[in-house]
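Colleague: This is the structure alone, sequence omitted:
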Ligand SMILES: NC(=O)c1ccc[n+]([C@@H]2O[C@H](COP(=O)([O-])OP(=O)(O)OC[C@H]3O[C@@H](n4cnc5c(N)ncnc54)[C@H](O)[C@@H]3O)[C@@H](O)[C@H]2O)c1
Ligand SMILES: O=C(O)C(=O)C[C@@H](O)[C@H](O)[C@H](O)COP(=O)(O)O
Ligand SMILES: [Zn+2]
């Protein structure tokens, strides 16, 4: 049975379909925009696994279905790879109705969405996420873009897909490290919005790690519900949507500071959530027991609970330098997503001295789960 979560954005509303076997069924795509051509955008890892199935499912709906295969990895989330999508569109004679299908994880999804937002000033696109992370987070909500060497997702656009298709069977081929990375974004929804979901995650973590489809289906559904609710209230991150950035201020600094692809996005978010929780505690917003609880859950998901060392001379200084580029910063002041009591997030500044204390503590070898 297919679960459907609706994201309510007026004329930009769309459904998120969640089930096993969706990718291989032509019916899944019956209500996609009509066009003379579709372009599947995937990468060298995912295309050999799933592009043939998707091509067959799209064939009854589009006279021509083309493919472009990108290099794999966060290090390729840049202008050069984006140009490859535009080249494929131009060489295939794409027009304003051509539909792009993003088949892959968040890297493919973010770049395909940005290509769709900008090609001919906007063509439709569909998200077909194949990682846990992309099903629970990146395929939903319309943040698209590429990285700058100094900062994550610095260039992009808000641009919503027409449809999101979460086929749970794609988890069958997902490496364990990528499953854990996806669990970071799942865990995030508990402290910021739903402590009952955090209780559920604590109980079901062994099943999730083992790839149990029942548990994963619930995690995808509940994550999409929470994200859809937040995005529908604040599509372009005027205020509320920033809570979805919990763990990301530190995490993005780790990704950029280590070099894109060394730490996975979800790994940065895992350690980043622990660091943000430590900072929340120092500001008197949560108690030590809550921080311990979150750290233990992150560790049980197979994620790092310590930050990376970015600079042997002045590690905290390097974090601060990178975090000043964060999109939430205002007038040079870094704004953090903090936990203001379990299940509630707040976005605010923190004194540099406290931030340094947290970085020094969390990047030291002694910190254990
Ligand atoms: N737009 C948003 O709201 C949003 C939200 C969260 C994350 N992101 C972005 O998403 C990216 C991370 O996404 P990700 O974790 O999916 O990483 P990813 O796209 O790099 O995919 C992870 C790895 O798994 C491979 N893969 C994908 N599906 C597979 C499958 N079914 N079987 C086997 N291998 C598979 C990929 O080829 C890749 O090597 C980051 O760039 C992050 O900034 C965006
Ligand atoms: O959708 C959002 O809003 C998020 O913040 C989700 C994050 O998980 C995601 O990594 C997002 O791309 C980060 O946004 P950014 O604006 O900090 O680049
Ligand atoms: Zn994220």
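Modeller: Nice, I can see it. As the structure is a prediction and not an experimental result, all values here were calculated from the model. Ligands and ions are numbered 1, 2, ... in the order given.
Colleague: What are the boundaries of the helices in the stretch 1-150 of the chain?
Modeller: Taking DSSP state H, counting those that start in this stretch as the test, the helices found in the stretch 1-150 of the chain are 52-58, 79-91, 106-118, 132-133.
Colleague: Just put these in CSV and tack on mean neighbour count.
Modeller: C-beta: built from backbone N, CA, C; applies to glycine. Output for those, formatted as CSV (neighbours: other C-beta atoms under 10 Å):
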stretch, mean neighbour count
helix 52-58, 19
helix 79-91, 15
helix 106-118, 26
helix 132-133, 29
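Colleague: Ok, which of these comes nearest ligand 1?
Modeller: helix 106-118 (2.0 Å; C-beta to the nearest ligand atom).
Colleague: at contact distance from ligand 1, anything in that closest one?
Modeller: Yes: judged by C-beta under 6 Å from any ligand atom, helix 106-118 comes into contact with ligand 1 at 106-108, 110.
Colleague: Looking at those, which is nearest residue 290?
Modeller: residue 106 (28.2 Å; C-beta to C-beta).
Colleague: Would you confirm that the closest one contacts residue 131?
Modeller: Yes: at 6.8 Å, residue 106 counts as touching residue 131 under the criterion of C-beta atoms under 8 Å.
Colleague: re the thing from before, can I get the helices of the stretch 1-150 of the chain in JSON lines with mean pLDDT?
Modeller: Supplementary listing: the helices of the stretch 1-150 of the chain in JSON lines, determined by pLDDT from 0 to 100:
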{"stretch": "helix 52-58", "mean pLDDT": "98"}
{"stretch": "helix 79-91", "mean pLDDT": "98"}
{"stretch": "helix 106-118", "mean pLDDT": "98"}
{"stretch": "helix 132-133", "mean pLDDT": "98"}
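Colleague: okay, these in CSV with distance to residue 163 next?
Modeller: Putting the helices of the stretch 1-150 of the chain into CSV (distance: least, C-beta to C-beta, whole Å) gives the following:
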stretch, distance to residue 163
helix 52-58, 12
helix 79-91, 19
helix 106-118, 13
helix 132-133, 19
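Colleague: so which of those helices comes closest to ligand 2?
Modeller: Closest among these, once you apply C-beta to the nearest ligand atom, is helix 106-118, at 7.0 Å.
Colleague: Against which helices or strands is the closest one packed?
Modeller: Applying 3 or more C-beta pairs under 8 Å, 6 or more residues apart in numbering; DSSP states H and E, one finds that helix 106-118 contacts strand 37-43, helix 79-91, strand 99-104, strand 125-129, strand 143-148, strand 151-158.
Colleague: Same list (the ones you listed) but as a markdown table, adding distance to ligand 1.
Modeller: Below are the helices and strands packed on helix 106-118 laid out as a markdown table (distance: least, C-beta to the nearest ligand atom, whole Å):
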| stretch | distance to ligand 1 |
| --- | --- |
| strand 37-43 | 5 |
| helix 79-91 | 12 |
| strand 99-104 | 5 |
| strand 125-129 | 7 |
| strand 143-148 | 4 |
| strand 151-158 | 6 |
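Colleague: Which of the ones you listed sits closest to residue 24?
Modeller: In terms of C-beta to C-beta, the element of these nearest to residue 24 is strand 125-129, at 11.5 Å.
Colleague: Identify the bridge partners of residue 40.
Modeller: Following DSSP bridges, residue 40 is listed with bridge partners residue 67, residue 101.
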